[in-house]
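Engineer: fold the following, please.
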Amino acid sequence: MRVKPSFLLSSLILLVSTLGIIFAQTCSPGDDTTCTTNTNNAPPPQQPKKTNRQITIDNLSKYRVDIHYDDGRFGKVIQTISANGGSSTPIHTFVGHRFFVTMHGVREGLVDPMTDEQYFFTVVEDNTNDNTTEEDEMKKFVIPKEATTSKTKCKDRYPVCTNEAARGECTNNPGWMIVNCCQACEEKEGYGYLIDSDVRCTRERLNATQAAFDKGSLNDLFTRWATEEEFVTYEPNVISSPGKVYGAEYDGPWILTFDSFIDDEEIESLLVGAEYGGFERSTDQGKVVGSSGEREKVVSKTRTSSNAWCRRQCEKLPGVMQVSKRIEEVTGIPQGNYESFQILKYEEGEFYRRHHDSSGQKTNISGHRILTVFLYLNDVEEGGETAFTDLGIAVKPKKGRALIWPSVLNDNPDAWDSRTYHEARAVKKGTKHAANHWIHQYDFRNANVWGCGGSFA
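Structural biologist: From the prediction side, this is the model:
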């Protein structure tokens, strides 16, 4: 069959036109279906909008605040801002991220006094493109001068509170939930009235009326340790005692060491357990905030060590359980009166200045810390002694040693003993690892679960 020349010419023109269109098109990266025509006469393709942003937050309020990244649960603290005009450093973030602020050291959010609604700052999309400078991209949020704490005593601090209450956290973790998710716990369990710590935190309500020490108990306990056969395996050494008895070098309050109290496997368990929570710069409890009983957490100015609390996974390690059980057997005081192991790390030059382990003449619901059981987890090349500053006594760290002293008086265990001020001297060479249980006159753990010690487990 003969093809007409005119048909061939028409087909060739159509083919060239089609190829020209194809070659003049470019597809967007990652998009197999959307293409834009790229010709000399067409405008340049629009660049995709950036999703990364930089923000700052200015604080005009009278409160020092913590900035929290809203992770959809209870937030993560990322910065602290000073009151009355303080500003955050630039925060690198993304469109859609949200932030909120609370009073420093606690989780009480700041609200608009007119609406009682908490302030949230959401990073939204704008017209920023690839040609925008970092300075142009910076978004500034402001905490207004009138920002304040809520007048509503029983309210939820987080959107997730309803879900947490539904899965039983108001009874599993009541202290923390009542303070932070009060409204949800009121609706689920009728716990709203317990937001008042004067109602929530009584020894009668918590069944914490049994005292560990009576008058004379302290002398009896230390005398048993110094004289009875069952404790010889721990190598007791009396450093100080009333009347300088039982080989003591000093006449004063009881101070005693058990030089072989814990073994290498138990030490390893404590150090492994510390890594579960991680070491952080040591903090102190500040002032009580509001009627909930919540205490501000502040970075310590008198100690430069790091510490980790041995809770949950750590407390379940066999070696850790063995040590706590041994302390219970030796002291005769139930573990419910103990604070969780505090595991300490002092690097070279780090210290803890003169302090007392109890709280003066004023006691909380758990009573005084009546005993400190301090465990040395390694030998220190130089420095790191525990020094009783008013007594002229210094105890050198020794791996496996337990140092024990009281914070109260034998004749009145509800009154503190001002003689047992002490300090951790600076480590001069090496690293110091240690752990301690503080033992209270009354139940501590249940009180802590209900948020009656200033913190909320």
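Engineer: switch to C-alpha atoms for all contacts and neighbour counts from now on
Structural biologist: Fine.
Engineer: just the helices in the protein please.
Structural biologist: Under the criterion DSSP state H, the chain contains helices at 5-23, 134-137, 161-166, 169-172, 174-180, 182-189, 197-200, 217-227, 264-277, 318-331, 445-449.
Engineer: what's the most buried one of these?
Structural biologist: Most buried of these by mean neighbour count (mean count of other C-alpha atoms under 10 Å) is helix 174-180; its value is a mean of 27.
Engineer: report all helices and strands that that one contacts.
Structural biologist: helix 169-172, helix 445-449 (3 or more C-alpha pairs under 8 Å, 6 or more residues apart in numbering; DSSP states H and E).
Engineer: rerun that using 7 Å as the cut-off
Structural biologist: Judged by 3 or more C-alpha pairs under 7 Å, 6 or more residues apart in numbering; DSSP states H and E, helix 174-180 is in contact with helix 169-172.
Engineer: which other helices and strands does the helix it packs on contact?
Structural biologist: Under the contact criterion of 3+ C-alpha pairs under 7 Å, 6+ apart, helix 169-172 touches helix 174-180.
Engineer: ok so, going back, worst average pLDDT in the helices of the chain?
Structural biologist: Of all the helices of the chain, helix 5-23 carries the lowest average pLDDT, namely a mean of 41.
Engineer: before we move on, back to that, dump the helices of the chain to CSV, plus distance to residue 414.
Structural biologist: Formatted as CSV, the helices of the chain follow (distance: least, C-alpha to C-alpha, whole Å):
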stretch, distance to residue 414
helix 5-23, 90
helix 134-137, 60
helix 161-166, 38
helix 169-172, 31
helix 174-180, 26
helix 182-189, 34
helix 197-200, 21
helix 217-227, 12
helix 264-277, 31
helix 318-331, 18
helix 445-449, 18
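Engineer: out of those, nearest to residue 73?
Structural biologist: Using C-alpha to C-alpha as the measure, helix 161-166 is the one of those that comes nearest residue 73, at 8.4 Å.
Engineer: hang on, the earlier thing: between the helices of the chain, which one is nearest to residue 253?
Structural biologist: Of all the helices of the chain, it is helix 217-227 that lies closest to residue 253, at 9.7 Å by C-alpha to C-alpha.
Engineer: contacts only, for the spatially most central residue of the chain.
Structural biologist: The C-alpha lying nearest the average C-alpha coordinate of the chain belongs to residue 280 (C-alpha atoms, centre = their mean; 8.2 Å). Residues near residue 280 by C-alpha atoms under 7 Å, 6 or more residues apart in numbering: 306-308.
Engineer: now those residues as a markdown table including pLDDT?
Structural biologist: As requested, these are arranged in a markdown table below (pLDDT from 0 to 100):
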| residue | pLDDT |
| --- | --- |
| 306 | 94 |
| 307 | 94 |
| 308 | 95 |
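Engineer: pick the one among these closest to residue 197.
Structural biologist: When the contacts of residue 280 are compared against residue 197 (criterion: C-alpha to C-alpha), the nearest one is residue 308, at 27.1 Å.
Engineer: okay, now the closest one: neighbour count?
Structural biologist: A count of neighbours around residue 308, defined by other C-alpha atoms under 10 Å, yields 22.
Engineer: if I look at it, how far off is residue 414?
Structural biologist: Residue 308 sits 29 Å away from residue 414, going by C-alpha to C-alpha, to the nearest Å.
Engineer: got it, and residue 260?
Structural biologist: For residue 260, the distance to residue 414 - C-alpha to C-alpha - is 31 Å.
Engineer: what about these two, which has more around it?
Structural biologist: residue 414 (22 against 16).
Engineer: list the residues that contact the more buried one.
Structural biologist: Neighbouring residues of residue 414 by C-alpha under 7 Å, 6+ apart: 368, 408.
Engineer: next: residue 124.
Structural biologist: By C-alpha under 7 Å, 6+ apart, the contact list for residue 124 reads 95-96.
Engineer: just to revisit the earlier point, any idea how far residue 306 is from the residue nearest to the centre of the chain?
Structural biologist: Between residue 280 and residue 306 the distance, using C-alpha to C-alpha, works out to 5 Å.
Engineer: and if you look at residue 155?
Structural biologist: Plainly put, residue 155 is 34 Å away from residue 306 if you go by C-alpha to C-alpha.
Engineer: so where's this structure uncertain?
Structural biologist: Across the chain, the ranges flagged by pLDDT under 70 are 1-50, 127-137, 283-299, 360-363, 454-457.
Engineer: I figured residue 145 hits residue 60, correct?
Structural biologist: Yes: counting by C-alpha atoms under 7 Å, residue 145 touches residue 60, with 4.5 Å between them.
Engineer: more neighbours, those two?
Structural biologist: Using other C-alpha under 10 Å, the more surrounded residue of residue 145 and residue 60 is residue 60, with 19 against 14.
Engineer: what residues are up against the more buried one?
Structural biologist: Counted by C-alpha under 7 Å, 6+ apart, residue 60 has contacts 83-85, 143-145.
Engineer: ok, the closest residue in space to residue 219 that isn't next to it in sequence - how many residues close by?
Structural biologist: Distances taken as C-alpha to C-alpha, 6 or more residues apart in numbering put residue 410 closest to residue 219, at 6.3 Å, once the chain neighbours are dropped. Neighbourhood size, residue 410 [other C-alpha under 10 Å]: 21.
Engineer: can you check residue 442 too?
Structural biologist: Here the count is done by other C-alpha under 10 Å, and residue 442 has 27 residues near it.
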